[in-house]
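In: no sequence for this one, just the structure:
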């Protein structure tokens, strides 16, 4: 379910009131990124830029950076789940590939961190491509189970290939060095992950409004109807699976570089479920929803520590409550309520 | 339509950040804070739960007696569920928000390794309760640990094997964190101990039958003894299958199964099994002259009276960590992190539940092989194997 009709393209006269020349230059530079589609991205960027004003210590930067990193992975998964209508219960596996790429690359192969990040994304894309072809022929529960198995398989590999991955205790990840500048500390990573998130969100919004994005949403509604319209269903599904794997991989790389140490639990089943929960809680088919979902699931456990033994119970209750009262997820439900109220 | 959505996006995002702001508990001053991040829930809760109870119990007791250096201690415990990423976040929180004087915690090696950089950078002493040897090797300035290592357990087993003139062994190991790590350590120290590993088998975490692996071992010529590194149910199944196949060579289990639960699970098959274990588990079996006897019996009594649960070595590690810190702070006559760190490093002849601790700038663990006792299971109970029957 999308928040608003994203396929409505504004007419030229609705373009920014910057004067005709500026407007056309704007359009030429940003191509399909029309102004209305960029608005939420700009809001996210402004919030990311302003949020540190409220942060009294590095701990806040760290929590926020984690929100952005998980939001990035959730946005990728949301493209697959919310827009293309395919489920994946093994997405943490791709996070794991990205995470271990930036650990194994520099440590065992002498590849610099940034190149390892790109290599991890490429490996994730290839793995998603190869695995996706057979797996995406499945539907519904069968697809869920297949992706689940795939995720478990990757987690087992990370745990057992101890010579490469350090086994269950994990391995340390060398700091990312960019142009002689060592990227370290919560504050630095806040900005790095913030930029990644903004870029990821912008690309996602762009993708959704592109012909491929419309094809995706058509598949979500009805595969048969989509194929009648001439959409290559298998190819579109595979493409979106690969894209969402790249999102997860980059997020995993960021997480590993940020923490400086990686253990297989970054790739385990619980993390996959957490990602799915972020997407569903925030709202399927809402990019901003993924950010909200990630915020809730990363920040809430930190808030609830004051409850000590009841922490997990309350967390579960909050999630249940949200799903009962805001059925389409936080962002779409609130958006709908607003629309109804305005009318 | 667009304008509605702008406002709702903004509101939702603002709400998310407002939530983040609420996340600070207001800092209570004038007390010395001890920070801890433990796996209280989740798959490693068998570690974190007794550790948490022990810390709470003894911090209470110390405060009732007037605290340390005239100041009360306050315990700040977070539950990381054994997840390294969460542990790292809590470590940052303990340093930045709670401003702790010391960190006693980290139930798992993975969580500890993820937290180390935080305390190294902040310059706060960190006493880990996790088993991995990588925590203190290489030595890190601010990082210490209390639990014995897998390597020491291997050496203890190998010493006993040598005494019995059994030098060719087979290893069957679980692929979980514990089994894997201990197997690696055993393989590493085997040559130095004069032990040859002639065959190896592994089993997975959820496996319910190890007969095939054990049959391979049985058919292998020249195996004089079998060592099983593993944790949880696996070793109990190995022990049962071992007897079912009527393998006659001695079977050694690891310190990971040194609990009454293991004897219960393995039943009669457990008889004759030898394993290294901390003195804490055999408190009542220790001879009266044993220097550890008063400490381990006192801890056992207190823990069991208070919680109604059988004592475990993991809680003991937390006791050792807390007491090493308290004694160091008393010697330093302050809670200044640098001074406390120096005093922790100078810990000598500290009698803890895990052994007698002698730390040095080169050894941030400070235990030797004497931390382990070799036990044999007889008639469903532990018996001490005399150390000097060579």
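Out: Sure, I can see it. Owing to the predicted nature of the structure, the values given are computational and were not obtained by experimental measurement.
In: quick one: buried residues of the helix or strand containing residue B:239?
Out: Here residue B:239, judged by DSSP states H and E, is contained in helix B:233-244. Residues of helix B:233-244 classed as buried by neighbour count (16 or more other CB atoms under 10 Å in any protein chain shown): B:233, B:234, B:235, B:236, B:237, B:238, B:239, B:240, B:241, B:242, B:243. For glycine as for every other residue, the C-beta is placed from the backbone atoms N, C-alpha and C.
In: what's the pLDDT at the fifth one?
Out: If you check residue B:237, the pLDDT there is 93.
In: separation between it and residue B:385?
Out: For residue B:237, the distance to residue B:385 under the criterion CB to CB, to the nearest Å works out to 24 Å.
In: same question for the second one.
Out: Counting by CB to CB, the gap between residue B:234 and residue B:385 amounts to 23 Å.
In: near chain B, which residues of the stretch 151-300 of chain A show up?
Out: Along the stretch 151-300 of chain A, the residues adjacent to chain B under the rule CB under 8 Å from any CB of the partner chain are A:159-160, A:162, A:167-170, A:172, A:186, A:255, A:259-263, A:265-266, A:288, A:291-292, A:295-296, A:299-300.
In: which parts of chain B belong to which domain?
Out: Following automatic domain parsing, one gets these domains for chain B: B:32-148+B:296-368, B:151-284+B:372-384.
In: chain center to the last one: distance?
Out: In terms of CA atoms, centre = their mean, to the nearest Å, the centre of domain B:151-284+B:372-384 is set 19 Å apart from its chain centre.
In: what about residue 179, how many neighbours?
Out: With no chain named, the answer covers chain A. The local packing of residue A:179 (other CB atoms under 10 Å in any protein chain shown) involves 5 other residues.
In: that was the other one, I meant chain B.
Out: Burial of residue B:179 is recorded as 27 neighbouring residues (other CB under 10 Å).
In: give me phi/psi at it?
Out: Backbone dihedrals for residue B:179, given as degrees, to the nearest 10, come out at phi -60, psi -40.
In: what sits closest to it if chain neighbours are left out?
Out: For residue B:179, the nearest residue in space outside its immediate sequence neighbours is residue B:230; the separation is 3.9 Å by CB to CB, 6 or more residues apart in numbering or on different chains.
In: would you agree that neighbour is in contact with residue B:180?
Out: No: under the contact definition of CB atoms under 8 Å, residue B:230 does not touch residue B:180, with a separation of 9.1 Å.
In: who's more crowded, those two?
Out: Between residue B:230 and residue B:180, counting by other CB under 10 Å, residue B:230 is the more crowded of the two (28 against 22).
In: separation between the more buried one and residue B:210?
Out: When CB to CB is the yardstick, residue B:230 and residue B:210 sit 10 Å from each other.
In: show the contacting residues for residue A:164.
Out: With contacts taken as CB atoms under 8 Å, 6 or more residues apart in numbering or on different chains, residue A:164 has the following neighbours: A:100, A:104, A:108.
In: so how far is chain B from the second one?
Out: Right, residue A:104. The span separating residue A:104 from chain B equals 16 Å under the rule CB to the nearest CB, to the nearest Å.
In: that residue and residue A:163 touch, don't they?
Out: No: contact criterion CB under 8 Å: residue A:104 and residue A:163 do not qualify, at 10.4 Å.
In: so who does the residue of the stretch 151-300 of chain B found nearest chain A touch?
Out: Relative to chain A, the nearest point of the stretch 151-300 of chain B is residue B:177 (3.3 Å; CB to the nearest CB). Contacts for residue B:177 (CB under 8 Å, 6+ apart) come out as A:167, A:168, A:169, B:108, B:109, B:110, B:231.
In: how about the helices in the stretch 101-250 of chain A?
Out: A:113-135, A:140-160, A:162-165, A:186-209, A:211-221, A:223-228, A:233-259 (DSSP state H, counting those that start in this stretch).
In: any idea of the mean pLDDT in the third one?
Out: In this model, helix A:162-165 carries a mean pLDDT of 85.
In: could you do the first one as well?
Out: Across helix A:113-135, pLDDT averages out at 94.
In: quick one: it near chain B?
Out: No: no part of helix A:113-135 sits close enough to chain B to count as contact by CB under 8 Å from any CB; the gap is at least 15.9 Å.
In: going by neighbour count, list what's buried in that helix.
Out: A:113-114, A:116-121, A:123-125, A:127-128, A:131-132, A:135.
In: just to check, residue B:101 is in contact with residue B:34?
Out: Yes: using CB under 8 Å as the test, residue B:101 is close enough to residue B:34 to be in contact (6.8 Å).
In: more neighbours: which of those two?
Out: Here residue B:101 and residue B:34 are set side by side on neighbour count (other CB under 10 Å), and the busier one is residue B:34, at 27 against 23.
In: which SS class is the more buried one?
Out: For residue B:34, the secondary-structure state derived from DSSP: H, G, I helix; E, B strand; the rest coil is strand.
In: okay, and the beta partners of it?
Out: Counting by DSSP bridges, residue B:34 forms beta bridges with residue B:75, residue B:102.
In: now do the same contact list for it.
Out: By CB under 8 Å, 6+ apart, the contact list for residue B:34 reads B:55, B:59, B:73-76, B:100-104, B:322, B:325.
In: so which of the residues you listed is the closest to residue B:279?
Out: The nearest member of those to residue B:279, counting by CB to CB, is residue B:322 at 18.2 Å.
In: counting neighbours, what do you get for that closest one?
Out: 26.
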